[in-house]
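Asker: test case, fold it:
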Amino acid sequence: MLRPSLIYGRGGKSADLFMRLAALPLIPVIGDGQQKLQPVHIYDVVATVMQSLTSSEARQTLDISGNETITFAEWLQCLRQAQGLPKARLLHIPFPMAMAFARLGRHFNPLLQAENLRMLQKGCCADVRPLVQFLGRMPLTVEPRLLFSDAMSTGSCS
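Answerer: Numbering: from 1, shown residues only. Presented below is the predicted three-dimensional model:
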């Protein structure tokens, strides 16, 4: 069983949604925006899926996550940076209000589901060591140019 974290890279629907949110003049975040995330590049997700098709290590659960933990607010600021935009102020939305928006928004965007907001509110962190052992390498580090790419690269989002 493969359990990917928040996936980023060219063509991802959730990445497109977060890019649009990050481009707003005031960035909406749930609560304080300090939910922990380990975004993973699509390259690492595909590499894991492909290797699992031929691996003798079947019948295991593997978290596919990035090698660094950042907050949701930091993630959105990173997405702004990738778009050539300066840092922006945050608009803190209480969780119950975000859930109300999701109930309305799900009719316009299938990603705006209550369950997705609950997962985001909870945060997502995993031990990356089993993935490193499985792939034989570290997952890619978040880098602004990788947000528009499906190719391997290295670097960091600063």
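Asker: what is the burial count for the nearest residue to residue 48 once chain neighbours are set aside?
Answerer: Leaving aside its sequence neighbours, residue 48 sits nearest to residue 64 (C-beta to C-beta, 6 or more residues apart in numbering; 5.1 Å). The way it works is simple: take the backbone N, C-alpha and C, and place the C-beta from them, glycine included. Close neighbours of residue 64, defined as other C-beta atoms under 10 Å, add up to 26.
Asker: who is residue 64 paired with across the strands?
Answerer: residue 4 (DSSP bridges).
Asker: got the contact list for it?
Answerer: 2, 3, 4, 5, 40, 44, 45, 48, 131, 139 (C-beta atoms under 8 Å, 6 or more residues apart in numbering).
Asker: so which of those belong to helices?
Answerer: Taking DSSP state H as the definition of helices, the contacts of residue 64 contribute 44, 45, 48, 131.
Asker: which residues touch the third one?
Answerer: Taking C-beta under 8 Å, 6+ apart as the contact definition, residue 48 lies against 2, 62, 64, 131, 134, 135.
Asker: what residue of this structure is the furthest out?
Answerer: residue 56 (28.6 Å; C-alpha atoms, centre = their mean).
Asker: so what's it scoring on pLDDT?
Answerer: For residue 56, the model assigns a pLDDT of 77.
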